[in-house]
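Q: Please find the sequence and the predicted model below.
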Amino acid sequence: MALATGPSLFLYATKNSIHLHTLNSSKLLYTVSQGSNGIKGLTYDWASRQIYFSNAYPHETYLEIMRHDGLYRKILSTKNNPSSLAVNPIKKRLFAVDSGQYPRIGSYKLDGTDFVPIVTSGVVRPITLTIDFNTHEVFWADAGLDTIQKVNADGSNRVVVVRSTPSPVGVAVGANSFFYADSNLNSIFNKNSTGGNAKRSLLKSNMKDLVAVGYYSPENSPRVQDNQCSTLNLCAQLCFADSSGSHCDCADGKMVGYKCQAFDEFLVFATRTEIRSVLIGGDSNNLPWNPVVS
């Protein structure tokens, strides 16, 4: 889930679809479900107004992006197995839990390239992560270790924040508050500090089927001063901020200046369980359509 600055938006995912509402009126703006086999991670870049999500298929997991209005959906990467996502527009990195054979925590550039692991040891079954935008620390819950931990954005200064919590399923951080949900205890807890020695208090109990927790306030979406995607707004479809400024990309077609020119050739093929497609002469990650699963 995520909130956006500007118009107040509420974004959430069910197993096979993504939904966007206005916060005040609860008006449904759109639902994206076509080509979605299993949504596993979801996060919102409020600077570029773009949505990142992971989409699990039988053979691989896609890291995908689309604009905030549901247009210009694009596959960024088919590497790794991202199961939880958290974008930091200030650091210009997309943090992810990689739930592959060797679980780890890492980050991508905002265009889905350059995956850099930041935690590779002492990780068993990481299931969710979030970011403290005041410190840029990355928090994650590990259901295999019954812990919640944090590190700096570069992987340094690792701290166990919560120990012996049987089934941590959600983590949320505010300016002076830290929240987490435990599905085994059917409870949500909070701490007034993210230090390892802070005491927890029960916020709410008797909550069955807990799967996530979120905390949102203005400080959770601070203004990004040097993000060209939010200040210049030159790109016709997608925009990715980076350390050198920004660059545009196309979900449909190829870049010609700041605009996108359509491809007119593609190949369709079938596997045992899917109908798939690939562009001829284009980016291999930029598919004419998402696989159709039988």
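A: On my side now, so go ahead. Small disclaimer: the values here were computed from a predicted structure and weren't measured.
Q: those helices in the stretch 101-250 of the chain, which residues are they?
A: Assigned by DSSP state H, counting those that start in this stretch, the helices in the stretch 101-250 of the chain fall at 228-231.
Q: Quick check, central residue of the protein?
A: The centroid of the chain falls nearest to residue 85 when counting by Cα atoms, centre = their mean (2.8 Å).
Q: quick one: contacts for that residue?
A: When contacts are counted by Cβ atoms under 8 Å, 6 or more residues apart in numbering, residue 85 touches 41-43, 52-54, 94-97, 129. Glycine gets a C-beta too; all of them are placed from N, C-alpha and C.
Q: before we move on, what about residue 77?
A: 62-63, 108, 112-113, 115, 285.
Q: what is it paired to in the beta sheet?
A: residue 63 (DSSP bridges).
Q: for residue 149, same thing?
A: For residue 149, the beta-bridge assignment (DSSP bridges) gives partners residue 140, residue 160.
Q: I'd say it and residue 139 touch.
A: Yes: Residue 149 lies in contact with residue 139 (Cβ atoms under 8 Å); the separation is 7.2 Å.
Q: between the two, what contacts are shared?
A: Contact criterion Cβ under 8 Å, 6+ apart; residues shared by residue 149 and residue 139: residue 161.
Q: mind listing the strands in the stretch 151-294 of the chain by residue range?
A: In the stretch 151-294 of the chain, the segments counted as strands under DSSP state E, counting those that start in this stretch are 159-162, 168-173, 178-182, 187-191, 200-204, 238-242, 245-249, 254-256, 259-261, 266-270, 274-279, 292-293.
Q: Assess the claim that residue 242 and residue 94 are in contact.
A: No: at 11.6 Å, residue 242 does not count as touching residue 94 under the criterion of Cβ under 8 Å.
Q: These two: who's more crowded?
A: Legend: neighbour count by other Cβ atoms under 10 Å for residue 242 and residue 94, higher for residue 94 (27 against 17).
Q: Which of the contacts of residue 85 has the largest number of neighbours?
A: Counting neighbours by other Cβ under 10 Å, residue 97 comes out on top of those with 30 neighbours.
Q: and the contacts of residue 77, which are buried?
A: Among those, those classed as buried by 16 or more other Cβ atoms under 10 Å are 62-63, 108, 112, 115, 285.
Q: picking that back up, so what's the nearest residue to the residue nearest to the centre of the chain once chain neighbours are set aside up against?
A: Of all residues not flanking residue 85 in the chain, residue 41 sits nearest, at 3.8 Å (Cβ to Cβ, 6 or more residues apart in numbering). Residue 41 sits next to 52-54, 82-85, 96-97 when contact means Cβ under 8 Å, 6+ apart.
Q: Swap in 10 Å and give it another go.
A: Residue 41 sits next to 13, 52-56, 61, 63-64, 82-86, 94, 96-97, 99, 128-129 when contact means Cβ atoms under 10 Å, 6 or more residues apart in numbering.
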